[in-house]
Structure formats: structure tokens, C-alpha cells
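*Asks:* how would this look folded up:
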Amino acid sequence: MNLTVLAASGRTGLALTREALRRGHTVTAIARDPGRIALPESARLHKVAGDVEEPASLAVAAGSTVLSGLGTDRAGVLLAGAKAAVAAGPRRIIWLGAYGTGRSAEVAGEAAGALAKLLGDRLADKVEADATILAAGGTVFHAGLLTDGPESPRRRTVGLASGPPLDFDAVISRATVAAAMLDEAETPRFPATIALPLPA
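*Replies:* Here you go, the predicted model:
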């Protein structure tokens, strides 16, 4: 399968790219500085310069599936990325969002309010980006607090209605989230909706 990974030099983007290559896929890994994509060279890995805030720079092959590892430290980046991903016309988009924002806020419970305060002006950006992807038929993964570490052997993916309360003391590894997003790329179960990767 041909996959395109956005923000491939970040920790989540690296996890997505690494897992995709491990599964035998061909990956176009996009980063502002492709030299920072710290993975060994491979005939199936194409490191490409691109910036979601400059949509014309995104090299998304026709018929590919886009996976996003985009995070943000300022408002506007995620929505720009979502619009750029949709405009590129991929076969599918699998997007990383934050559990406790937008449609998952009610399911996440009281902690969602604290998360909203923490995100400040970035919250609206996250919510609008999710809505853009969902409207295009993509899948949005709402993950809890991310950490480094191995993939959970007991991981599972559930629909939004089965989500647990958001717990700031609970974490999920980027490797676990990446594996869940790749599962969805290979076997779609949650088109045009929100899915939750859980460590167990």
C-alpha cells in the first residue's frame, strides 16, 4: 500500500513511518526538513520536504492513504494541515486528534474541561481540523496523553461511545497509536468517524 505520512520527523510521525515500513508498505514521509526523519534508508521510504502551511509542497500520490502525525504548538497549523490533506485528494485520510476535544469531550468527562483550558486558542484549531477530516470521510483517532515506549500487546481500538473517562495519569505509547492507525489504513473499520486507540 502507498502511504503518505505528514510530520514524519516528529515522534508520532516517526512511529507511523517505522510501523508502516515494518508492515511492508511504501511510505512518502513528509517533513519541513526531511533530513530530520531519523530512519534508515530504504527502497520503500521516500523522504520529501513539505509544509502543510504551503499545500502545493505536499507530495501526495494519487490513490495513497494519508496518515497524520501533526501536532501543534500554535493555532492554525492543524486546520491548515487538514485542508491541505483533503485538497491533495488521497484515497483515505487517517488523522491524529486529542481525546477530550470536540466530539469526544462529552465522553471524556470532567477532565475535558481542564484540557480545553490547557489548549487555549489551539482547541478550536483541533476541533475544526477534525471536522474537516470527518467531512471528507476520513478517520480521526482521538488519543490520550502520548508517551514513548513499545506497542502495547493488549491494545485495542474502540468507537467513541465505548470511550473511558479521560485520565491525565494514563498514557498511551506513540507506537500503540501508530499501530492502531495502520490497522485502520489496512482494514477500515471507522470511516468518517472518531476512533479511540486504547493500550488495553
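*Asks:* burial of the nearest residue to M1 once chain neighbours are set aside, as a residue count?
*Replies:* Sequence neighbours aside, H25 is the residue nearest to M1 in space, at 4.8 Å (criterion: C-beta to C-beta, 6 or more residues apart in numbering). C-beta: built from backbone N, CA, C; applies to glycine. Neighbour count of H25, defined by other C-beta atoms under 10 Å: 20.
*Asks:* right, and H25 touches H46 too?
*Replies:* No: using C-beta atoms under 8 Å, H25 is not in contact with H46, being 11.7 Å away.
*Asks:* so which residue is smack in the middle of the protein?
*Replies:* In the chain, the centroid-proximal residue (C-alpha atoms, centre = their mean) is L96; its distance is 2.5 Å.
*Asks:* where do the strands sit along the protein?
*Replies:* For the chain, applying DSSP state E gives strands covering 2-6, 26-31, 45-49, 65-68, 92-98, 139-143, 145-147, 156-159, 171-173, 194-198.
*Asks:* now the fifth one: average pLDDT?
*Replies:* Same thing as strand 92-98. For strand 92-98, the mean pLDDT works out to 97.
*Asks:* how about residues contacting it?
*Replies:* Contacts with strand 92-98, where a contact means C-beta atoms under 8 Å, 6 or more residues apart in numbering, come from 12, 65-71, 82, 85-86, 104, 115, 119, 126, 129-130, 133, 136-143, 177, 181, 184-185, 188, 191, 194.
*Asks:* buried sites along that strand?
*Replies:* Residues 92-98 are the ones in strand 92-98 that count as buried (16 or more other C-beta atoms under 10 Å).
*Asks:* likewise stretch 59-71?
*Replies:* Within stretch 59-71, the residues that count as buried by 16+ other C-beta under 10 Å are 60-61, 64-71.
*Asks:* could you do stretch 4-21 as well?
*Replies:* The neighbour-count check on stretch 4-21 (16+ other C-beta under 10 Å) flags 4-10, 12-21 as buried.
*Asks:* please apply the same query to stretch 162-179.
*Replies:* Neighbour-count burial for stretch 162-179 [16+ other C-beta under 10 Å]: 163, 166, 172-179.
*Asks:* can you give me the distance of A84 to D125?
*Replies:* 14 Å (C-beta to C-beta, to the nearest Å).
*Asks:* next: E54.
*Replies:* According to C-beta to C-beta, E54 stands 17 Å off from D125.
*Asks:* between these two, who's got more neighbours?
*Replies:* Neighbour count, other C-beta under 10 Å: between E54 and D125, D125 has more, with 21 against 11.
*Asks:* can you pull the contacts of that one?
*Replies:* Taking C-beta under 8 Å, 6+ apart as the test, what D125 contacts is 72, 75-79.
*Asks:* redo that, cut-off 10 Å
*Replies:* By C-beta atoms under 10 Å, 6 or more residues apart in numbering, the contact set of D125 is 72, 74-82, 101, 119.
*Asks:* list buried residues within these.
*Replies:* For the contacts of D125, a burial check counting by 16+ other C-beta under 10 Å picks out 72, 75, 77-82, 101, 119.
*Asks:* in TSV, list those along with distance to E110.
*Replies:* Formatted as TSV, the buried ones among the contacts of D125 follow (distance: C-beta to C-beta, whole Å):
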residue	distance to E110
T72	24
A75	24
V77	28
L78	24
L79	27
A80	31
G81	29
A82	28
T101	14
L119	16
